[in-house]
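Give me the fold of what follows.
(chains A and B)
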Amino acid sequence: MSFFIAPSPHHHQKRTTTTIMRLVLLAMVPGVLAQLYFFGWGIFWQLIIAGSTAVIAEMLCLSARNRSPVRGIQDYSALVTAALLAVSIPPLAPWWVIVIGTVFAIVVVKHLFGGIGHNIFNPAMAAYVLLLISFPVQMTSWLPPVTLAGDTTSFIESLRLIVFQFTSDGYSVNQVRAVATGQLLDAVVMATPLDQIKTDLAQGLTLSESLRNPIFGAFAGHGWLWVNVAYLFGGLVLLQQRVIQWQIPGALLGTLAVATIIGSIVAPDTLPGLNIHWFSGGTMLAAFFIATDPVSAATSNRGKLIYAALIGLLIYLIRSFGGYPDAIAFAVLLANLCVPVIDQYTRPQAYGDVRGGQ
Amino acid sequence: MSTEYQTLAKDGLWENNPALVQLLGLCPLLAVTGTVTNALGLGIATMLVLVGSNITVSLVRSWVPNEIRIPVFVIVIATFVTLVELTMNAFTYGLFMALGIFIPLIVTNCAIIGRAEAYASKNNWYHSAFDGLMMGIGFTLVLVALGALREILGQGTLFAGAELLLGEWARDLKIQLFSFDYPLLLAILPPGAFLGMGFLIAGKNWIDGRRKAKLAKAPIEKAQRARVTTVN
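The predicted structure is shown next:
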C-alpha cells in the first residue's frame, strides 16, 4: 500500500472537460428550442451539418497530429464550437457556409494554434467573422420570425433550401423571404431587429419611429426576446452548476447596461435602450456561452471582470457607432487579443507573498 | 568564386528569403498581392531598385562616412525608386495606377535598405549586384505565389489584367480556372493576405523540416567495435 502525496489543491471538483462541455451543450437546449420555434427547422439542419463537419475535421486534424482521434472527439469541445457557430448564422444559409465556417474554426483557429487549450481566439467567433466578411449576403439573410410571418417552411423544405437553395416549388431563400415579409402589414424589407434600427436611424428616423416596425414586440425584438430569455435561463443553469463563474456574464451585461443607460440619457432618440441591447441580437448567448469559453477568456477572477467589461463596452460601441448591426464576434475577438496583457497584470497574489514584494 | 555566387543564390531564393525568412517588406507584400499581375509588377519594380541600389551603395561604400550611411542609402534608394516610378508611369500606366502609393513606398521597403546595410556596404559591386538580383527574385517569387493563391481563391482566375503589365497581347493570358457564384471575399481582403502568408511560411518550414529529417536519417557508418582484449 502506498500513500500518494499530491500538491494542493487537495479538494477536486471531479469534472472532466467532457462533463463540462456536455453541460454546456445541455444548457444550450432551451435557446435552441426557442430558435427552432421562432425561426423554423433550419437551425436543426444547421446543427446536424455543423456537428458532423466538426467531428470529421477534428478527427482528421488529430490523426494528422499523431493523436488519438477517438479520445480527442470524446471531449465534446468540437461539438460545442459547432453548436455555437450553428446557432449564430441564419437558419436557412446554404450548407457550404456552415461547412466552411466549421472547418475554419476547427482546423485553422483551433488546431493550427495547438489544439484544445491553446487557441488564442474563440473558434466559433473567428469562424463567424470569416463568414460575415466573406459572404455578407448569405450571413444577413434572416427570415422574419415564424410567428410573425404566419407561414413557414417545413422540416424537409428547409433542408432543401439549405442544400439546394431552392424549395421543391422552385422558390429561393430570397423569394421565401419576400413572401413571408409580404404577409406583414407593410412590406418592409425584413431584417434582424438590430439591423432594422441601424437602417432606420441611417435614414433619419428616430428610435421610437423605428420601434413601431412589426418586428418589434412590446418590449424587444419579436421572437428574439424569447430566444434571449431562453439562453439566459440556460446560462443561469450553468452558473448554478458552477460550470461558469458570475464574473464574465456579470461584467459583460453590467458594462453593457451602464453604457446603454448613459447613451439613452444623452441621446434617447438615436441610441436604443437596455431592453433592445439585452434582449435583441446575441447578447445573452454571448454573455453566458461565448465569452465564457475557458480557453480564450482571461484566467484570474479580476482578469475575467476586465475581459468581460471590455467585451460589453465594445459590443455597445460597435452596435451604436460601428458599421455592423451586431458586434458579438468582433468584440469577443478583440477582447481575446487583450487576454495575454490582462493575464499579465491581474496575476493573483500567492498566499504569504508581500504586496509589491521583494 | 563560384561558391560565393551559389551561396548568394541559395540565400536569396530560399534559405534567407526576404519575405519568408527575414519577413521584411511585408507591407507591399500583403497589400498588393490581390492578383498575380499586381504582385509581378511590384516584384519586378522592387527587384530593379534592389539591384540598382546595391550596385551604387557598394561603389560608394568607401567614401560614405559610417555616421551618415543610412541617409545616403535612403537617398540612393529613393533615386532608383523615382526612376522606376517614372518609367512605370510612362510605359505601364494601368499598372502604375493599380499599384498606386505602393510604388513610392518601395523606398521604405526594409528588404532593400537591409541588403544595402548588410551586404552591399561590405562587398564589391558585382557580388552586390548578384545579391540584389537573387533577393529580388526571391521576393518576387513569394509575391507571385501569394498573388496566385489569393487570385485563384478569390476570383478563380490567373493573370487577370496582365495587359496592364505586358501590353495588349497579354489580355489573352487570363485563365479562368473556375467561376464562383459567391467569391471567397476573404482571400481578396487583407486578412486573406495574412492567412495566405502564414500558410506559405508554414509550407516552407514543413519542407525544411522534412529535408532535415531526411538528412538525419541518412545512415551513419557504424563504428566497428574492435576487440582489444583476448577471450580467456
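
Now chain B against chain A: closest residue?
Closest residue of chain B to chain A, Cβ to the nearest Cβ: B:L186 (4.2 Å). For every residue, glycine as well, the C-beta is placed using N, CA and C.

Would you mind measuring from that residue to A:Q349?
Using Cβ to Cβ, to the nearest Å, B:L186 is found at 44 Å from A:Q349.

Pull the contacting residues for A:M125.
Counting by Cβ atoms under 8 Å, 6 or more residues apart in numbering or on different chains, A:M125 makes contact with A:84, A:290, A:328-329, A:332-333, A:336.

ok, and the closest non-adjacent residue to B:L149?
The shortest distance from B:L149 to any non-neighbouring residue, by Cβ to Cβ, 6 or more residues apart in numbering or on different chains, is to B:G196 (4.9 Å).

Shouldn't that neighbour be within a helix?
Yes. B:G196: assigned to a helix according to DSSP: H, G, I helix; E, B strand; the rest coil.

Could you turn the buried ones of the contacts of A:M125 into a ChimeraX selection?
Buried subset of these, written as a ChimeraX selection, criterion 16 or more other Cβ atoms under 10 Å in any protein chain shown:
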select /A:84,290,328,329,332,333,336
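
Which positions within the host helix or strand of B:S128 qualify as buried?
According to DSSP states H and E, B:S128 maps onto helix B:125-155. Within helix B:125-155, the residues that count as buried by 16+ other Cβ under 10 Å are B:125, B:127-155.

swap in stretch B:77-94?
Using 16+ other Cβ under 10 Å as the test for burial, stretch B:77-94 gives B:77-78, B:80-81, B:84-85, B:88, B:92.

and A:I73, how many neighbours?
When neighbours are defined as other Cβ atoms under 10 Å in any protein chain shown, A:I73 has 17 of them.

what residues are up against it?
Residues in contact with A:I73 (Cβ under 8 Å, 6+ apart) are A:55, A:58-59, A:62.

residue in the stretch 151-300 of chain A nearest to chain B?
As assessed by Cβ to the nearest Cβ, chain B sits closest to A:Q165 within the stretch 151-300 of chain A, at 9.3 Å.

Tell me the pLDDT of that residue.
On pLDDT, A:Q165 comes in at 76.

same deal with A:L130?
Reported pLDDT for A:L130: 91.

what does the one 10 residues further on give?
Per-residue confidence at A:T140 stands at 80 (pLDDT).

what's the answer for A:S172, then?
If you check A:S172, the pLDDT there is 73.

what number of residues lie near it?
Using other Cβ under 10 Å, A:S172 has 14 neighbouring residues.

Name all residues that make contact with it.
Counting by Cβ under 8 Å, 6+ apart, A:S172 makes contact with A:165-166.

OK, contacts around residue 45?
As the question left the chain open, I've gone with chain A. So A:W45 contacts A:158-159, A:162 (Cβ under 8 Å, 6+ apart).

ah, I was thinking of chain B
Shown in contact with B:A45 (Cβ under 8 Å, 6+ apart): B:84, B:88, B:99, B:103, B:106.

Kindly recompute the last result at 6 Å.
B:V84 (Cβ atoms under 6 Å, 6 or more residues apart in numbering or on different chains).

re earlier: let me know whether the residue nearest to B:L149 touches B:G147 as I believe.
No. Using Cβ atoms under 6 Å, B:G196 makes no contact with B:G147, being 9.2 Å away.

can you list the residues of chain B near chain A?
Chain B has residues B:182, B:184-186 near chain A, with proximity defined as Cβ under 6 Å from any Cβ of the partner chain.

what would these look like in CSV with neighbour count and secondary structure?
Converted to CSV, those look like this (neighbours: other Cβ atoms under 10 Å in any protein chain shown; DSSP: H, G, I helix; E, B strand; the rest coil):
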residue, neighbour count, secondary structure
B:Y182, 13, coil
B:L184, 19, coil
B:L185, 16, helix
B:L186, 23, helix
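
For the residue of the stretch 1-150 of chain A found nearest chain B, give me its contacts.
Residue of the stretch 1-150 of chain A nearest chain B, by Cβ to the nearest Cβ: A:S134 (4.2 Å). Neighbour list for A:S134: B:184-186 [criterion: Cβ under 6 Å, 6+ apart].

Just give me the closest of these to B:E15.
The shortest approach to B:E15 among the contacts of A:S134 belongs to B:L186, at 31.5 Å (Cβ to Cβ).

could you measure that closest one against A:T199, distance?
25 Å.

Within the helices and strands, which one has residue 44?
Just so you know, I chose chain A. Assessed by DSSP H and E, A:F44 sits inside helix A:42-64.

that answer is for a different chain, and I need it for chain B
Following DSSP H and E, one finds B:I44 within helix B:36-60.

buried set for that helix?
Across helix B:36-60, burial judged by 16+ other Cβ under 10 Å covers B:36-58, B:60.

low-confidence ranges in the chain?
This is for chain A. Counting by pLDDT under 70, chain A has low-confidence residues at A:1, A:146-152, A:174-191, A:218, A:355-358.

wrong chain, I was asking about chain B
Filtered on pLDDT under 70, chain B yields the residue ranges B:1, B:218-228, B:230-232.

Of all residues in it, which one is nearest the centre?
B:F139 (0.4 Å; Cα atoms, centre = their mean).

List the residues that contact the nearest residue to that one once chain neighbours are set aside.
Nearest non-adjacent residue to B:F139, counting by Cβ to Cβ, 6+ apart: B:P18, 4.9 Å away. B:P18 makes contacts with B:24, B:111, B:135, B:139, as judged by Cβ under 6 Å, 6+ apart.
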